[in-house]
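1. The following comprises the amino acid sequence and a computationally predicted model.
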Amino acid sequence: MELTQVQKDLIIKGYEAHCAEIERLIQVRLTENMLELYSLLLSDGRADVKRYCADNNIDELDIDEETKADIALGITEIELKTLLKQKGIYDTELKELGIRTKRITNGIENCPWFSIFNSPVSLQWLTKNTEKMLKKCAINHKYYDWVNSKIEHIKDVWSEIDPQQALPDIKRYWQVYNFEVPESVKEFLVKQSGN
């Protein structure tokens, strides 16, 4: 059955809305205060909280702050995993229809450190870009070893922060994301590599 353009447009709009919700939840998980989110969940989705507590043997009447945060995080992650599973199904069907699918990232590729290396979204891309840039840099320069150690650290924790991972380790994510790149180091990399 051939789809009309109107049907394709409707499918694409629905798919884009689904992807936008996934992206929103990724950011909620990474940025929101989970205690505040717990309060919101209690007022908006009490049934979700009750179900989560029942499924995880948590006594609703005896919940400390840490448990409240864990509940909010758990509910967010369940919703996110559900949407990602649906997206996988949609992606397969859309590809069969010749409709382009979307890659969703967790946004770490936009951090200052990744930006220097053209915002890689795969370890292979990061390795290629960093090696290409470092090959042009003087090994005996005072920043070379420092830059190389930061690159190796990112490679070591890649599996925990991978841009294509919807549920990255939150602590590692922010450690890498908030890592400031001094202006002198940016200058070194740009001048030495000829960019």
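-> Yep, it's here.

2. backbone phi and psi for the most centrally placed residue in the chain, please?
-> Closest residue to the average C-alpha location of the chain: residue 106 at 1.6 Å, with CA atoms, centre = their mean. Residue 106 adopts backbone torsions of phi -90, psi 0, taken as degrees, to the nearest 10.

3. Quick check, it in contact with residue 174.
-> No - Residue 106 is beyond contact range of residue 174, at 11.3 Å (criterion: CB atoms under 8 Å). The C-beta positions use only the backbone N, C-alpha and C, and glycine is treated the same way.

4. Tell me who's in contact with the residue nearest to the centre of the chain.
-> 26, 30, 161, 162, 163, 164, 165, 166, 168, 173 (CB atoms under 8 Å, 6 or more residues apart in numbering).

5. Swap in 6 Å and give it another go.
-> 26, 163, 168 (CB atoms under 6 Å, 6 or more residues apart in numbering).

6. which helices and strands does the helix or strand of the chain with the lowest mean pLDDT pack with?
-> Lowest by mean pLDDT, DSSP states H and E among the helices and strands of the chain is helix 183-193, with a mean of 83. With contacts taken as 3 or more CB pairs under 6 Å, 6 or more residues apart in numbering; DSSP states H and E, helix 183-193 sits against no other helix or strand.

7. Numbering from 102 from now on, please.
-> Yes, from this point I'll number from 102; that puts the last item at helix 284-294.

8. so how far is that helix off the chain centroid?
-> How far helix 284-294 lies from its chain's middle: 27 Å, per CA atoms, centre = their mean, to the nearest Å.

9. Pull the residues that contact stretch 125-132.
-> Counting by CB under 6 Å, 6+ apart, 177, 181, 207, 267 sit against stretch 125-132.
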